[in-house]
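Chemist: this one's structure only:
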């Protein structure tokens, strides 16, 4: 339930974070309708157009009730980054405010919220051809020699484990694409997207057992709505792409390939989602302890800035 103060507003934007299946989307929609708001996505999976079901993105009916931004606008074969999100969030923020609406950032991706309130390194995008060339180089050189070449060109990468494929590739990709090492970009963060704005910041945190029940029930609804077909359409998706990490995608693909029963795929997906929610909550407690935590779902918007 949302209870807004109808008097003159003393805040410029609302941030609504929470673990998966905590009820963020419904709360954001109710809030948007109550305060003339527009919802801006802050979830790293709901950006993908081909993952509408498995990412639990707002339905077309919900999106018709209030303006939504940055949902389903990226293809799964694109390598999306936090830096790109920050740039697009700035554009969406300006559009929403120009329309006289209240921006409501809603999602479960902690790094996106950090880009909004603290600022992050805006690392330049890596072209696909550069990514392919770097991957080929690592394959040809082997992990140890590839890491040695990376350290030669970027001494700050010495602490990376040569066997950490994702991080060593990322470091070399950034170096090859930008001419500067990853450490340079990390030392020069861009300003926060919401710098200078007055914020209301909330974390939805339902009781643990209730949250787990929601997660399990929601995955079954995803199946009823066509999640298997969604997974089937992504059978050839490169496992190294960010979208391939969508919860439930790999078990459903294993089932479709005959490697796993549907019951096992469902159970594995539900377990993985519960574990992910637990990790999200841990991250939020460490980074968002001073936000207003909402256990009962009642988001009360007042003109006091004590919860900013």
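Modeler: Good, I have the coordinates. Since this is a predicted model, take the numbers as computed values, not measurements.
Chemist: residues near residue 247, how many?
Modeler: Counted with other Cβ atoms under 10 Å, the neighbours of residue 247 add up to 23. (Each C-beta comes from the backbone N, C-alpha and C, glycine too.)
Chemist: tell me which stretches of the stretch 201-308 of the chain form helices.
Modeler: With DSSP state H, counting those that start in this stretch as the definition, the stretch 201-308 of the chain shows helices at residue ranges 208-225, 227-232, 249-256, 262-287.
Chemist: adding distance to residue 32 and mean neighbour count, write those helices out as a markdown table.
Modeler: Shown next, in a markdown table, are the helices of the stretch 201-308 of the chain (distance: least, Cβ to Cβ, whole Å; neighbours: other Cβ atoms under 10 Å):
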| stretch | distance to residue 32 | mean neighbour count |
| --- | --- | --- |
| helix 208-225 | 21 | 16 |
| helix 227-232 | 26 | 18 |
| helix 249-256 | 29 | 20 |
| helix 262-287 | 22 | 16 |
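Chemist: how about those, which one is nearest residue 87?
Modeler: The closest of the helices of the stretch 201-308 of the chain to residue 87 is helix 262-287. By Cβ to Cβ, the value is 21.9 Å.
Chemist: and the angle from that closest one to helix 249-256?
Modeler: Relative orientation of helix 262-287 versus helix 249-256 (axes from the mean of the first three to the mean of the last three Cα atoms, to 10 degrees): 180 degrees.
Chemist: in which helix or strand would I find the residue nearest the centre of the chain?
Modeler: Nearest to the mean C-alpha position of the chain, counting by Cα atoms, centre = their mean, stands residue 44 at 2.3 Å. Assigned by DSSP states H and E, residue 44 belongs to no helix or strand.
Chemist: who's in contact with it?
Modeler: Counting by Cβ atoms under 8 Å, 6 or more residues apart in numbering, residue 44 makes contact with 80, 85, 107, 109, 111, 112, 242.
Chemist: how long is stretch 257-267 from one end to the other?
Modeler: End-to-end span of stretch 257-267 (Cα to Cα, to the nearest Å): 17 Å.
Chemist: re the thing from before, can you tell me which of the contacts of residue 44 comes closest to residue 127?
Modeler: Residue 127 has its nearest neighbour among those in residue 80, at 14.1 Å by Cβ to Cβ.
Chemist: re the thing from before, between the helices of the stretch 201-308 of the chain, which gets nearest to residue 195?
Modeler: For the helices of the stretch 201-308 of the chain, the distance to residue 195 is smallest for helix 262-287, at 17.4 Å, taking Cβ to Cβ.
Chemist: neighbours of the residue lying closest to residue 207 once chain neighbours are set aside, just the number please.
Modeler: Computed as Cβ to Cβ, 6 or more residues apart in numbering, the closest residue to residue 207 that is not its neighbour in sequence is residue 295, at 6.9 Å. Residues near residue 295, counting by other Cβ under 10 Å, number 11.
Chemist: right, and residue 295 touches residue 210 too?
Modeler: No. With contact defined as Cβ atoms under 8 Å, residue 295 does not count as touching residue 210 (9.7 Å).
Chemist: contacting residues for residue 79?
Modeler: Residue 79 sits in contact with 125, 126, 128, 131, 241, 242, where contact means Cβ under 8 Å, 6+ apart.
Chemist: among those, which ones are in strands?
Modeler: The strands, defined by DSSP state E, take in nothing from the contacts of residue 79.
Chemist: which one among these gets closest to residue 70?
Modeler: Distance to residue 70 across these (Cβ to Cβ) is lowest for residue 242, with 15.0 Å.
Chemist: neighbours around that closest one, how many?
Modeler: Neighbours of residue 242 under the rule other Cβ under 10 Å: 16.
Chemist: could you find the closest non-adjacent residue to residue 72?
Modeler: Counting by Cβ to Cβ, 6+ apart, residue 49 is the residue found nearest to residue 72 once chain neighbours are left out, at 4.1 Å.
Chemist: can you get me a residue count around the one you found?
Modeler: Residue 49 has 13 nearby residues by other Cβ under 10 Å.
Chemist: nothing else from me, thank you.
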